[in-house]
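Novice: everything below, folded, please.
(one chain, ligands or ions: 3)
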Amino acid sequence: MTTNKSVLAWIDEMKALLTPDKVVWIDGSEAQIEALRAEACSTGELIKLNQEKLPGCYLHRTKVNDVARVEDRTFICSRKEEDAGPTNNWKEPQEAYKMLFDIARGSYKGRTMYVIPYSMGPVGSPLAKIGYEVTDSIYVVLNMNIMTRVGAEVEKVLGDSEDWIKGLHAKCDIDPEKRYICHFPEDNYIISVNSGYGGNVLLGKKCFALRIASYLGKCEGWMAEHMLILGIENPQGEVKYVSAAFPSACGKTNLAMLIPPEGYTKNGYKVWTVGDDIAWMRKGEDGRLWAINPEYGFFGVAPGTNVKSNPNALQSTKKDTIFTNVVLNLDDNTVWWEGLDKNPPENALNWKGEPWNGKTSTEKGAHPNSRFTAPAKNCPCISSEFDAVSGVPISAIIFGGRRAQTTPLVYQSRDWDNGVFVGSIMASETTAAATGAVGVVRRDPMAMLPFCGYNMGDYFKHWFEMGEVLGDKAPKIFNVNWFRLDEDGNFIWPGFGDNFRVLEWIIKRCEGKVDADETAIGYVPKAEDINLEGLDFSIDTLRDILAVDNDLWSKEAEGIEEFYKKFGDKLPKELADQLASLKERLSK
Ligand SMILES: Nc1nc2c(ncn2[C@@H]2O[C@H](COP(=O)(O)OP(=O)(O)OP(=O)(O)O)[C@@H](O)[C@H]2O)c(=O)[nH]1
Ligand SMILES: O=C([O-])CC(=O)C(=O)O
Ligand SMILES: [Mn+2]
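Specialist: Residues are numbered from 1 along each chain as shown. Ligands and ions are numbered 1, 2, ... in the order given. Coordinates of the predicted model:
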């Protein structure tokens, strides 16, 4: 246990507020964690799975009204409303503290308060940051122990410093009307009440590593982004790193763990995973941009994960994993979800714990947002640099979304500033399955719409400032779109492992080894420069999905103009200028 005065004072405050029966300090030791697993099994909070097939694995079910992040109940509590900006919900901080403390007061009565010291990023890395979360949920402790680096080492590194983030989680009542996820960026404080769902309660993840950290990044001159990080190794053994921001359900985990096509693997190409969701990036001593993955595990969507779509993700879940809201197969005490295989169990319980027969039921067995919490070190392609305190140098930043048309398979921005523009206009189309209204463009700048902890206009400005700081050492910026549809609504580009062909072009562009065609929106590959070897895909079709349609882009420009109005005078002039020059190029 720490002797840090600021930590001890806050823990005293929490004890007085929450009135637990006892306090347990989490040191992350296997003995302590194992005792907590056993306790959670005895109360039904966890179900121990088949330990031969899934050693160290458990199942948990949330309440049925508590299965996803709640954006409408997520607040940025900055002193000035303007600092939360037009894309966030805002509450006045003093009122918010009062409301939240009133809700949480006395709620640990008869329960245990767990104190979790954790590091986001390799312990002791100059890019890492430390947090404390208090919770009354063993599920939260066990998940945090997978998703972050927990324990005594962390406290040693913190020493007497006051530079740490407070996180209060209280699962006092699960009334969704009283559920709040509140962030106080100016106080380094997060308070989450009345939820038990991962994205709302694993406070190191979206709350700290994106919302609070994005604000800290602005103040301290670095970046916290909703990005995967991967390394691409060539046959000579050289590794180049890229980071990529896609909105939810647009393929971050898949790209982070992709297996290149056979022709490449035979020649010695490899992909190494550094992170699948969040990147913290800072200018290094050599002037380049260096990135760490602040997380220690993967909190991935289960449905659709299978041996074909993402074998590395599936393999990561084979041991020491906590599954949430998936199907329990009663015959062999294993788990199942839609899209795992074509053989659903007949004798099973669905995600709600009700009897379920996968052969006859018309209802889904797993919740669409069911998740696995798996240690990153389980991943067969985890990077040797995963724990590197300096992080990895980023050669390229890739933005992407789900667009049926308009956006080509890949293009490169003209320069950093134009790249910031490309990120700011990111959008994804809603699918028929999701909303009924097909092809509705929803803007999600840099995939940060739900995760930016301050005014997004200021966030854009920060991106321009980073460009100035990095100068000619700045990563090159690209945009990809794996999701172009044909007239029958089928994906044109095969995607997944074949996305490596596009990554290869991106790396070649960074190395200045390949030419490109200039278009109104940026540089597009010459079709013959994308390697199609071993793929049944015609170069004419490739030309189609690389083409830039100026009429569609003129319509796009109108949509961007409309979107930009939201930011009023917080919109950086650079972005208005970028839009004006795009329009001018389109009109030629
Ligand atoms: N057509 C196509 N679909 C893809 C491709 N890559 C991923 N997908 C699909 O996109 C969906 C989301 O993939 P994920 O990798 O889980 O997305 P994510 O960005 O990590 O999602 P979050 O964890 O919610 O942030 C899955 O249904 C994938 O099968 C691709 O290259 N082409
Ligand atoms: O935070 C969550 O619930 C899961 C996640 O990665 C996302 O939604 O992007
Ligand atoms: Mn995510």
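
Novice: tell me which element the residue in the chain that ligand 2 sits nearest to falls in.
Specialist: When scored by C-beta to the nearest ligand atom, the chain has Gly199 as its residue closest to ligand 2, at 2.2 Å. C-beta here means a position set from N, CA and C on the backbone, and glycine is covered the same way. Secondary structure from DSSP states H and E places Gly199 in helix 198-201.

Novice: near ligand 1 at all, that helix?
Specialist: No: figure legend: helix 198-201 not in contact with ligand 1 (C-beta under 6 Å from any ligand atom); closest approach 9.1 Å.

Novice: quick revisit: my guess is the residue of the chain closest to ligand 2 contacts Ala68. True?
Specialist: Yes: the criterion here is C-beta atoms under 8 Å, and Gly199 meets it with Ala68 at 6.8 Å.

Novice: neighbour count for these two, which is higher?
Specialist: Neighbour totals were compared for Gly199 and Ala68, and Gly199 leads with 19 against 16 (other C-beta atoms under 10 Å).

Novice: stretch 173-189 close to ligand 2?
Specialist: No: in terms of C-beta under 6 Å from any ligand atom, no part of stretch 173-189 sits within range of ligand 2; the closest distance is 10.5 Å.

Novice: how far does that stretch sit from its chain's centre?
Specialist: Computed by C-alpha atoms, centre = their mean, to the nearest Å, the chain-centroid distance of stretch 173-189 equals 20 Å.

Novice: quick check: end-to-end length of it?
Specialist: 21 Å (C-alpha to C-alpha, to the nearest Å).

Novice: repeat for stretch 518-533
Specialist: 25 Å.

Novice: one more: stretch 388-396?
Specialist: Rule used - C-alpha to C-alpha; the end-to-end distance of stretch 388-396 is 19 Å.

Novice: in it, what's buried?
Specialist: 390-396 (16 or more other C-beta atoms under 10 Å).

Novice: got a markdown table for the residues you listed, with pLDDT too?
Specialist: Below are the buried residues of stretch 388-396 laid out as a markdown table (pLDDT from 0 to 100):
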| residue | pLDDT |
| --- | --- |
| Ser390 | 96 |
| Gly391 | 98 |
| Val392 | 98 |
| Pro393 | 98 |
| Ile394 | 98 |
| Ser395 | 98 |
| Ala396 | 98 |
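
Novice: let's have those residues in JSON lines, adding secondary structure.
Specialist: Below are the buried residues of stretch 388-396 laid out as JSON lines (DSSP: H, G, I helix; E, B strand; the rest coil):
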{"residue": "Ser390", "secondary structure": "coil"}
{"residue": "Gly391", "secondary structure": "coil"}
{"residue": "Val392", "secondary structure": "strand"}
{"residue": "Pro393", "secondary structure": "strand"}
{"residue": "Ile394", "secondary structure": "strand"}
{"residue": "Ser395", "secondary structure": "strand"}
{"residue": "Ala396", "secondary structure": "strand"}
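
Novice: near ligand 1, from those?
Specialist: Of those, not one also sits near ligand 1 (C-beta under 6 Å from any ligand atom).

Novice: got the residues of this structure near ligand 2?
Specialist: 69, 198-199, 205-206, 248, 277, 299.

Novice: tell me the least confident of those residues?
Specialist: Within the set of the residues of the chain next to ligand 2, pLDDT is lowest for Ser248 (84).
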